[in-house]
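*Asks:* pasting a predicted model and its sequence here:
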There are 2 protein chains.
Amino acid sequence: MAASTPTDPQAPDPAGAAGTERPRRAGYRRLPVQQRREQLIAVALELFGSRPPEEVTLDDVAEAAGASRPLVYRYFAGGKQQLYEAALRSAAQELTSRFHVTGGGTPTEQLADVLGRYFSFVADHDAGYGALLRGGSVVETARTGAIVDEVRRAALRRTLRYLGVGEAGPRLTLLVRAWISVVEASALSWLDEGRQIPREELCAWLIDQFTAMAGATAVHDPQTAEVLHRLLALETEDSPAGVLLTRLRAVWG
Amino acid sequence: MAASTPTDPQAPDPAGAAGTERPRRAGYRRLPVQQRREQLIAVALELFGSRPPEEVTLDDVAEAAGASRPLVYRYFAGGKQQLYEAALRSAAQELTSRFHVTGGGTPTEQLADVLGRYFSFVADHDAGYGALLRGGSVVETARTGAIVDEVRRAALRRTLRYLGVGEAGPRLTLLVRAWISVVEASALSWLDEGRQIPREELCAWLIDQFTAMAGATAVHDPQTAEVLHRLLALETEDSPAGVLLTRLRAVWG
């Protein structure tokens, strides 16, 4: 039993059921259930990301997946909307899973590590990232909007935890939220503009934006000042924050 | 002729046409055409902003406006989607009209002036601003999304012109786009969090974010460095940028 891989559930034969003469496509083939599900989601994410979601039909997804329309319905009985939400949720989970800090290093080195993984998702799932962030919806704004919002909330929570903050005040929260919006806007803009700026440079710029934005928040807010002071003590001359501060002295004079 | 004000076009009597017994609501009254149109748009913006747009019906709009459903259709034959787009467009125009610089002062003083007007729109049109920015759509993502994008493009163009930049390179463009996203995220967050931070302080923080973000971009990009150098030469000790730089020296040490 354990050795048998489940394959696509039997789907009603579209030609037979509808009584049309369209032959079963030569390209159709059976896939293990989980693999098929993932394939449908990947194909859907690609399509929903590259065209306005309302212009994508379930037939488009079936065709791009080399599957029949009834087969797609067997996996997503709720049709296009369910498939769309599953695709967004899949992208959201994958993105969120990259938020944790793995290596050592100074705070800005660790942040660079996380951002690098975030941007490898952006680079590899171009259309999917756009679909997730531009979100919108096919039918239900509230529910698809909630998927994107949950990614943002996860990013906010992780960042605050990483900053060693238990209870963040409104100004520190605003700083982190604002920086997350900078990351998102930059990623979308980077994709839109054909990746003109090298990815590594964009990530380095985003790390510097965090440091600079935190500095300009620290002058307004004691909590941010305390956090920044603590983090800067961990930085070195060669770390992103160390290099930025040296170069900023030249800019500010 | 000139003295007669056009009023609501004759709408079919809903009770009569449908043969129901619902009496004509006592609250219905005639309004001049332009005034009615503006009233319907204002009511729609309020409703679309405070609930997911797909949950708002044309009947809700008619009821809130003290008008009949057929009357609303006389003004917006395309129904809910047309009314929704008209409402977003109205908010977009109003917001965009505030982007120009009016007074004198240093660059950051002028920016504070524009931001103050932007935030008075946010404060006065709470739900409408949310509807515009969270946009999404009832039916057509591409078209409603385009209305929001046009506001952003207008903000980008105005800011670059204001910075005295003819042809902006990718890094300077990215800086301005990123800052616009900070303004939007902060405004939405400010509304969501019940306006915890005083509006004037939020605007001051946003001006400082612009200066700080520009500084951290200048270390990566000669064009931004040139623009920043030119603008900083116009600042005074007491201007927002002047005060920030003094205080940043204490933070960065």
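*Replies:* Cool, got the structure.
*Asks:* can you list the weak-confidence ranges in chain A?
*Replies:* Low-confidence segments of chain A, defined by pLDDT under 70: A:1-29, A:135-144.
*Asks:* helices of that one, residue ranges please.
*Replies:* A:14-18, A:33-50, A:58-65, A:69-75, A:79-96, A:107-124, A:126-134, A:141-162, A:170-192, A:199-218, A:222-232, A:240-252 (DSSP state H).
*Asks:* now render the ones you listed as CSV, adding mean neighbour count and distance to B:Arg152.
*Replies:* In this view, the C-beta of every residue, glycine as well, is placed from N, C-alpha and C. Listed next are the helices of chain A as CSV, based on neighbours: other C-beta atoms under 10 Å in any protein chain shown; distance: least, C-beta to C-beta, whole Å:
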stretch, mean neighbour count, distance to B:Arg152
helix A:14-18, 12, 44
helix A:33-50, 20, 20
helix A:58-65, 18, 29
helix A:69-75, 19, 36
helix A:79-96, 20, 23
helix A:107-124, 19, 20
helix A:126-134, 22, 13
helix A:141-162, 17, 18
helix A:170-192, 21, 9
helix A:199-218, 23, 18
helix A:222-232, 18, 27
helix A:240-252, 18, 27
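*Asks:* tell me which of those lies nearest to B:Leu111.
*Replies:* Among those, the nearest to B:Leu111 by C-beta to C-beta is helix A:199-218 (13.9 Å).
*Asks:* the closest one vs helix A:107-124, what angle?
*Replies:* Calculated by axes from the mean of the first three to the mean of the last three C-alpha atoms, to 10 degrees, helix A:199-218 forms an angle of 130 degrees with helix A:107-124.
*Asks:* which secondary structure elements does helix A:199-218 contact?
*Replies:* Applying 3 or more C-beta pairs under 8 Å, 6 or more residues apart in numbering or on different chains; DSSP states H and E, one finds that helix A:199-218 makes contact with helix A:107-124, helix A:170-192, helix A:222-232, helix A:240-252, helix B:170-192, helix B:199-218, helix B:240-252.
*Asks:* could the helices of chain A go into CSV alongside distance to B:Leu188?
*Replies:* Below are the helices of chain A laid out as CSV (distance: least, C-beta to C-beta, whole Å):
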stretch, distance to B:Leu188
helix A:14-18, 45
helix A:33-50, 24
helix A:58-65, 32
helix A:69-75, 36
helix A:79-96, 19
helix A:107-124, 22
helix A:126-134, 15
helix A:141-162, 11
helix A:170-192, 9
helix A:199-218, 17
helix A:222-232, 20
helix A:240-252, 28
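*Asks:* which of those helices sits closest to B:Phe48?
*Replies:* helix A:141-162 (10.4 Å).
*Asks:* before we move on, the earlier item: B:Ala146 is nearest to which of the helices and strands packed on helix A:199-218?
*Replies:* With C-beta to C-beta as the criterion, B:Ala146 lies closest to helix A:170-192 of these, at 13.8 Å.
*Asks:* run the chain-centre distance for that closest one.
*Replies:* Relative to its chain's centre, helix A:170-192 lies at 13 Å (C-alpha atoms, centre = their mean, to the nearest Å).
*Asks:* now stretch A:147-167
*Replies:* Using C-alpha atoms, centre = their mean, the offset of stretch A:147-167 from its chain centre is 14 Å.
*Asks:* so for B:Leu88, which of the helices of chain A sits nearest?
*Replies:* B:Leu88 lies closest to helix A:141-162 among the helices of chain A, at 13.4 Å (C-beta to C-beta).
*Asks:* and the contacts of that closest one?
*Replies:* With C-beta atoms under 8 Å, 6 or more residues apart in numbering or on different chains as the test, helix A:141-162 has contacts from A:84-85, A:88-89, A:92, A:95-96, A:99-101, A:107, A:110-111, A:132-133, A:135-138, A:168, A:172-173, A:176-177, A:179-180, B:52-55, B:134, B:136-137.
*Asks:* tabulate the helices and strands packed on helix A:199-218 (CSV), appending distance to A:Gly215.
*Replies:* CSV is the format used below for the helices and strands packed on helix A:199-218 (distance: least, C-beta to C-beta, whole Å):
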stretch, distance to A:Gly215
helix A:107-124, 12
helix A:170-192, 10
helix A:222-232, 7
helix A:240-252, 8
helix B:170-192, 15
helix B:199-218, 6
helix B:240-252, 5
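*Asks:* quick one: closest of these to B:Phe119.
*Replies:* Minimum separation from B:Phe119 across these (C-beta to C-beta) falls at helix B:199-218, 5.6 Å.
*Asks:* these two touch, right, A:Gly116 and A:Leu202?
*Replies:* No. Judged on C-beta atoms under 8 Å, A:Gly116 makes no contact with A:Leu202 at a distance of 10.5 Å.
*Asks:* and the residue nearest the centre of chain A?
*Replies:* In chain A, the C-alpha nearest the mean C-alpha coordinate belongs to A:Leu95, at 4.0 Å (C-alpha atoms, centre = their mean).
*Asks:* how close does that one sit to A:Ala185?
*Replies:* Applying C-beta to C-beta, to the nearest Å, the value for A:Leu95 to A:Ala185 is 16 Å.
*Asks:* A:Gly145 now?
*Replies:* Note on A:Gly145: its distance to A:Ala185, by C-beta to C-beta, is 17 Å.
*Asks:* now do A:Tyr84
*Replies:* A:Tyr84 is 23 Å from A:Ala185, where distance means C-beta to C-beta.
*Asks:* so what touches stretch A:58-65?
*Replies:* Under C-beta under 8 Å, 6+ apart, the answer for stretch A:58-65 is A:39-40, A:43-44, A:46-47, A:68-69, A:71-73, A:79-80, A:83.
*Asks:* kindly reformat those as TSV containing distance to chain B.
*Replies:* Below are the contacts of stretch A:58-65 laid out as TSV (distance: C-beta to the nearest C-beta, whole Å):
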residue	distance to chain B
A:Gln39	25
A:Leu40	22
A:Val43	20
A:Ala44	16
A:Glu46	17
A:Leu47	14
A:Ser68	27
A:Arg69	23
A:Leu71	27
A:Val72	22
A:Tyr73	23
A:Gly79	17
A:Lys80	14
A:Leu83	16
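*Asks:* of those residues, closest to B:Gln209?
*Replies:* A:Glu46 (35.5 Å).
*Asks:* how about the nearest residue to A:Leu47 once chain neighbours are set aside, phi and psi?
*Replies:* With sequence-adjacent residues excluded and distances taken as C-beta to C-beta, 6 or more residues apart in numbering or on different chains, A:Leu47 is closest to A:Val56, at 4.8 Å. Backbone torsions for A:Val56, taken as degrees, to the nearest 10, come to phi -90, psi 130.
*Asks:* enumerate every residue touching A:Val56.
*Replies:* Counting by C-beta under 8 Å, 6+ apart, A:Val56 touches A:44, A:47-48, A:80.
*Asks:* please repeat the previous calculation with a cut-off of 10 Å.
*Replies:* If you count contacts by C-beta atoms under 10 Å, 6 or more residues apart in numbering or on different chains, A:Val56 has them with A:44, A:46-50, A:64, A:80, A:83-84, A:131, A:138.
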